[in-house]
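[1] Generate a structure from the sequence data that follows.
(one chain, ligands or ions: 1)
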Amino acid sequence: MDNVTYACQGEIAIATIDNPPVNALSLGVRAGLMDAIERAGADPGVKALVIIGGGKTFVAGADINDFGKPYAEPSLYTIIDALAACAKPVVAAIHGMALGGGLELALACHWRIAAPGAKIGQPEVKLGLMPGGHGTQWWLRLAGPEAALEVATSGNPVGVEAAHKMGMVDKLADGDLLAGALEFARQLAAEGRGKRDIDALSAGLKNVDSQLFADFRKKNERKWRGLLAPQKIVDCLEASCHLTFQQGAALEKAAFQECERSPQSRALIHLFFAEREAAKVAGLSPTIKAAPVASAGVIGAGTMGSGIAMALANAGIAVTLLDLSEAAVSRGMEAIRKNYATSVARGSLSPAAADKTQALITASSSYADLAAADLIIEAVFEDMAVKEEVFRQLDAVAKPGAILGTNTSTLDIDRIAAATARPESVIGMHFFSPANVMKLLEIVRGAKTSDTVIATTMATARKLGKIAVLAGNAEGFIGNRILGAYGDQADFLLDEGALPWQIDRVLQDFGFAMGLYAMRDMAGLDVIWRIRQQQAAKRLPGERYSPIADRICEQGWFGQKSGRGYYRYEGRAATPDPEIEALIEAASAQLGITRKPIADEEALMRILCAMVNEGARILDEGVAQRASDIDVVYAYGYGFPAYRGGPMFWAEQYGLDKIYEAVCAYQRAHGDWWRPSALLAAAAKGKKRWPD
Ligand code: COA
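    Residues are numbered from 1 along each chain as shown. Reported below is the predicted structural model:
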């Protein structure tokens, strides 16, 4: 078979999986494995079989493209049955990753040996699925219920040393993996060691206290809000403690199929591919290579600048953190020190690793110290004049070819670039706060940004562990422009009769991590207020404008930091505020609007339609490369429920024709703010899909 080669070394047969890049279990691999198992079983000269991955990994799972489609035989289950029936020892030799179906294949092999640095895991939950292929049953019996719960519901991989201690891996290879596996197989064959006694392994499970599962559900209640797969995993693990292996496996299979059929899984699989697609830049010549980035500078030692410095240092890049005031840079360095100390206290970082990473960050208050940096990121106050001045200074000191990044969330990249004599080196890098934690990075290309600078910035983002999305230079780029549109729509709902806590509840019930108004309060209302004041002159006569946000700021209420905003705060706890209700009612009266109750359904649809219509405009204007990039931005940076796939995917599932009709109806009822995007109109009348 093409994807599996079969060979023998003495009395040991070797099946090598060859399906780059990750040896996913596509049909060719499954058929090749079946063939190898049957051949080894039937050949009297073969005493044992080793299954190993070619290339950089063992097997990263089922082929994700196959989910939701009829399964062609041989399925993974057929292979598992064949392995169970095989009378000769079968050893899985693991390097790189054994994930999902790949791990289940290894678990169905009778024994496992692994190379140092290898990882095993059950990431299915991240795709809205639960482990299939008996994964839950093996974890329960080999590693115990605590480990089974943690691994299957988090989806995070486990290092092979830990997996060995748990009993999931039988042997660690200390030299060449294949040589170690062959020796292990010879030894097993010589000793006549058969398979594990599953009944003996199951015996201890009967005494597992069901409180363990209740506590685990309670602990994760908030995190799993609205999600199907983790609940199914816990239910299956709990019930399996009182079942035989085969009964538990049947329960697992039924639950897996339920997850596979769910819209949540379709949405999360869409995001898996969307995330990888976002890394690709259309039209970039394949000859363009990313330049190395070994050292960096960050200008501005506030929350954002310090976070960016940590993100860079965490990726092993030496950083100079610069602020003109020494007090500011000391505050930034202190914040960084505290952040690493917290990670050490939590146990997520060893003291030695924290020291090593922190040592990569050097404080400075002189631009001259940035002269050797490959990449310099500005993170100063969001004001054009301030940023232009920073870039003039950078132009004077940065070495030729250095990338000059600006962490603006709204400003015109081309104007910032024009402050330098090298606009081709300037690029937007819109981080999300906290920058060392949040996954999303919007990378904004200016009119003159060079292809090499784009390629290098995208590659650096990947090195930082970020999910980068390339955006065009239009006000608000992708994320904040859509936020502006649906934020306006939510404000109009307040004008007409809704209250902030109703809107927030509706959004959270839909699955948003946080309500819009609670989010504004957390970010601080004064910054957006200042931007609104700057934009006031651009507002067209007769353009609809809600005065509520301005009225709140005029009271000196700037959100959480001042104890009052859309809500009243005690610490971080928000409560609805009757004074805000009165302020909103007064604003409606001033606008001449008679307030009336707004149904939750209407509030939700108006907000989502506003997002989608603006998303379509962004796509039409080329600000986003593809609809799925907008989904990635919203799922990773703006709290849109990932299990709904992002706003553009959600809209396709809901029906682009229905969205278009709703937008047209809103336009008739509420005026031209709701003018439908030409792309939405075309897609609604055509294939009802966004263009590829
Ligand atoms: N099925 C199909 N394609 C897969 C795949 C799978 N299980 N796993 C990875 N790929 C594809 C990716 O889509 C990507 O394709 P592209 O180059 O056309 O964009 C390519 O393989 C490389 O993947 P990428 O994620 O960019 O590589 P990486 O080295 O950063 O990460 C993994 C490798 C294995 C850690 C990561 O791909 C992963 O987590 N895969 C999913 C594993 C999983 O969920 N398995 C459970 C399924 S049962």
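
[2] tell me which parts of this structure are close to the ligand?
    When proximity is defined as CB under 6 Å from any ligand atom, the chain approaches the ligand at 21-22, 24, 60-65, 97, 99-101, 123-124, 127, 273, 276. All C-beta atoms are positioned from the backbone trio N, CA, C, and that covers glycine.

[3] Out of those residues, which end up buried?
    22, 24, 60-64, 97, 99-101, 123-124, 127 (16 or more other CB atoms under 10 Å).

[4] Okay, and which of the residues you listed map to helices?
    Those of those mapping onto helices are Gly101, per DSSP state H.

[5] Looking at the stretch 501-650 of the chain, which residue is nearest the ligand?
    In the stretch 501-650 of the chain, the residue that lies nearest the ligand is Ser628 (12.1 Å; CB to the nearest ligand atom).

[6] Can you list the low-confidence ranges for the stretch 151-300 of the chain?
    Scanning the stretch 151-300 of the chain for pLDDT under 70 picks out nothing.

[7] And the helices in it, which stretches?
    For the stretch 151-300 of the chain, the helices defined by DSSP state H, counting those that start in this stretch cover 160-166, 177-191, 198-203, 211-219, 229-240, 245-261, 263-278.

[8] mind listing what's buried in the longest one?
    So that's helix 245-261. So helix 245-261, judged by 16+ other CB under 10 Å, has buried residues 245, 248-249, 251-253, 255-256, 259-260.

[9] Please convert those residues to CSV, extending it with distance to Gly571.
    Formatted as CSV, the buried residues of helix 245-261 follow (distance: CB to CB, whole Å):
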residue, distance to Gly571
Phe245, 49
Gly248, 45
Ala249, 48
Leu251, 44
Glu252, 43
Lys253, 47
Ala255, 40
Phe256, 42
Cys259, 38
Glu260, 43
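
[10] can you pull out the helices in the stretch 1-150 of the chain?
    27-42, 76-85, 101-108, 135-138, 145-154.

[11] mean confidence score for the shortest one?
    In other words, helix 135-138. For helix 135-138, the mean pLDDT works out to 97.

[12] what do you get for the second one?
    Averaged over helix 76-85, pLDDT sits at 96.

[13] the inter-axis angle of it versus helix 27-42?
    Here helix 76-85 runs at an angle of 10 degrees relative to helix 27-42 (axes from the mean of the first three to the mean of the last three CA atoms, to 10 degrees).

[14] picking that back up, a markdown table for the buried ones among the residues of the chain next to the ligand, including pLDDT?
    Formatted as a markdown table, those follow (pLDDT from 0 to 100):
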| residue | pLDDT |
| --- | --- |
| Val22 | 97 |
| Ala24 | 97 |
| Ala60 | 97 |
| Gly61 | 97 |
| Ala62 | 96 |
| Asp63 | 95 |
| Ile64 | 96 |
| Met97 | 98 |
| Leu99 | 98 |
| Gly100 | 98 |
| Gly101 | 98 |
| Pro123 | 98 |
| Glu124 | 98 |
| Leu127 | 98 |
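
[15] In strands only, show me the buried ones among the residues of the chain next to the ligand.
    Residues of those located in strands (DSSP state E): 97, 99.

[16] just the buried ones among the residues of the chain next to the ligand now: which is nearest Ala152?
    Nearest to Ala152, judged by CB to CB, of those is Glu124 at 7.7 Å.

[17] so what's that closest one up against?
    Counting by CB atoms under 8 Å, 6 or more residues apart in numbering, Glu124 touches 61, 100, 130-132, 135, 152, 155, 229.

[18] Mind giving me the ChimeraX select for the residues you listed, buried ones only?
    Burial among the contacts of Glu124 is assessed by 16+ other CB under 10 Å; the matching ChimeraX selection reads:
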select :61,100,130,131,132,135,152,155,229
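
[19] In CSV, list the contacts of Glu124 along with distance to Ala582.
    Shown next, in CSV, are these (distance: CB to CB, whole Å):
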residue, distance to Ala582
Gly61, 56
Gly100, 55
Met130, 50
Pro131, 54
Gly132, 56
Gly135, 56
Ala152, 50
Gly155, 47
Ala229, 44
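
[20] CA atoms only: put stretch 301-313 into PDB for me.
    Only the C-alpha atoms of stretch 301-313 are listed here, as PDB (Å, rounded to 0.1, in the frame of the first residue of the first chain):
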ATOM      1  CA  ALA A 301       6.600  49.800  28.900                       C
ATOM      2  CA  GLY A 302       2.900  50.000  29.800                       C
ATOM      3  CA  THR A 303       0.600  46.900  30.100                       C
ATOM      4  CA  MET A 304       0.700  46.300  26.300                       C
ATOM      5  CA  GLY A 305       4.500  46.900  25.800                       C
ATOM      6  CA  SER A 306       5.400  44.600  28.800                       C
ATOM      7  CA  GLY A 307       3.100  41.900  27.600                       C
ATOM      8  CA  ILE A 308       4.600  42.000  24.100                       C
ATOM      9  CA  ALA A 309       8.100  41.900  25.600                       C
ATOM     10  CA  MET A 310       7.100  38.800  27.500                       C
ATOM     11  CA  ALA A 311       5.600  37.200  24.400                       C
ATOM     12  CA  LEU A 312       8.900  37.700  22.500                       C
ATOM     13  CA  ALA A 313      11.100  36.500  25.400                       C
END
